[in-house]
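1. need coordinates for the below:
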Amino acid sequence: MKKLIAWVLVGFVGLSSVGEAGARAEEKSVRGTISVGGWERSYRLYVPPGVTGRAPLVVALHGGLNDGAYLERQSGLDGLAERERAVVVYPDGILGTYNAGTCCAFARILGIDDVGFLDALIARLDADGVADGRQVFLTGFSNGAALAYRYACERASRVAAVAVVSGALGVGCEPVRPVPVLAFHGTADFSVPYDGGGNMDGDVKIPFPPVRWLMDFWRWKNGGLPDLGWATDIGDWTWCQSSSRDVIEVQFCTILNGGHEWPVRATDRIAGFFRAHPPR
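-> Modelled structure (predicted):
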């Protein structure tokens, strides 16, 4: 057990932090549980006042060694749901981790089917008349970003768009259709290095590829050229570059000297990206 804990502490889950993105408010959500694969899985669900019927669903995935409540308090995603008339669900990982393929212990070592967990959770919320299973958007941080990527790879037909922070892809990826992708990454991120390197998990000695290679991969999958397009300065030392407008969009936002954290302007940018990419 001590060795397993050490793997976690030095691996990809690292020191997950959501930085100073949003007000450190109390959770507005309510806790729920669902049985999946022999595990009792927990989540938090926020339905803004006045939102009724099957609303668009934002699935928000926390970083390693954290939980949904932490991401909710720090990210400002409840405000996104209020502005966009959506609902947001914050699933909890097993022992604070999700199985995103090459990471992360504990969920990876236990063989947890987190793609199946998200399938079941989305289906439950749709069946309960809370969320529209045909309007699903994913966002995540660190380990949660890796799971968001994995879900987009394996369930592309069910995903409208994906927005990730400080994430890497940990599985082979053959989406059945293009998926709009927005990614934020800091140049001083030492947990998931911007220029590649390190290990994907404490016991998985596979280095992270440079983040730009991953963006090239998504542009290629989405029908675009593997080069960066026009750039926009959105403040706070952040520049966002987008693929050509005539293909399924990929946006890549670089935060100069940014660390392993949720950037200040990320949530507003995510809201606009989701708004611009409704289900096809």
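
2. buried residues in the longest helix along the chain?
-> The single longest helix within the chain, with elements called by DSSP state H, is helix 114-127. The neighbour-count check on helix 114-127 (16 or more other Cβ atoms under 10 Å) flags 114-115, 117-122, 124-126 as buried. All C-beta spots, glycine's among them, are computed from the backbone N, C-alpha and C.

3. pull the contacting residues for the spatially closest residue to Asp233 that is not a sequence neighbour.
-> Excluding the flanking residues, the one nearest Asp233 by Cβ to Cβ, 6 or more residues apart in numbering is Trp239, at 5.6 Å. Counting by Cβ atoms under 8 Å, 6 or more residues apart in numbering, Trp239 makes contact with 231-233, 253-254, 256.

4. for Gly129, same thing?
-> Applying Cβ under 8 Å, 6+ apart to Gly129 gives the contacts 53-54.

5. please begin residue numbering at 736 from this point
-> In the new numbering, first residue 736, that becomes Gly864.

6. gap between it and Leu856?
-> Counting by Cβ to Cβ, to the nearest Å, the gap from Gly864 to Leu856 is 15 Å.

7. same thing with Gly773?
-> Here the criterion is Cβ to Cβ. By it, Gly773 lies 16 Å from Leu856.

8. Ile941 contacts Met935, doesn't it?
-> Yes - judged on Cβ atoms under 8 Å, Ile941 makes contact with Met935 at a distance of 4.8 Å.

9. what residues are shared contacts of the two?
-> Both Ile941 and Met935 are contacted by Thr837, under the criterion Cβ under 8 Å, 6+ apart.

10. okay, those two: which has more neighbours?
-> Met935 (24 against 13; other Cβ atoms under 10 Å).

11. pLDDT value on the residue lying closest to the more buried one once chain neighbours are set aside, please?
-> Distances taken as Cβ to Cβ, 6+ apart put Thr837 closest to Met935, at 4.3 Å, once the chain neighbours are dropped. Here the pLDDT value assigned to Thr837 is 94.

12. could I get the full set of helices for the stretch 786-935 of the chain?
-> For the stretch 786-935 of the chain, the helices defined by DSSP state H, counting those that start in this stretch occupy 803-810, 812-819, 842-845, 849-862, 878-889.

13. return the distance of the longest one from the chain's centre.
-> From the chain centre to the centre of helix 849-862 is a distance of 16 Å (Cα atoms, centre = their mean, to the nearest Å).

14. that helix - contacts with which helices or strands?
-> On a contact count with 3 or more Cβ pairs under 8 Å, 6 or more residues apart in numbering; DSSP states H and E, helix 849-862 meets strand 765-771, strand 774-781, strand 790-796, strand 822-826, strand 866-876, helix 878-889.
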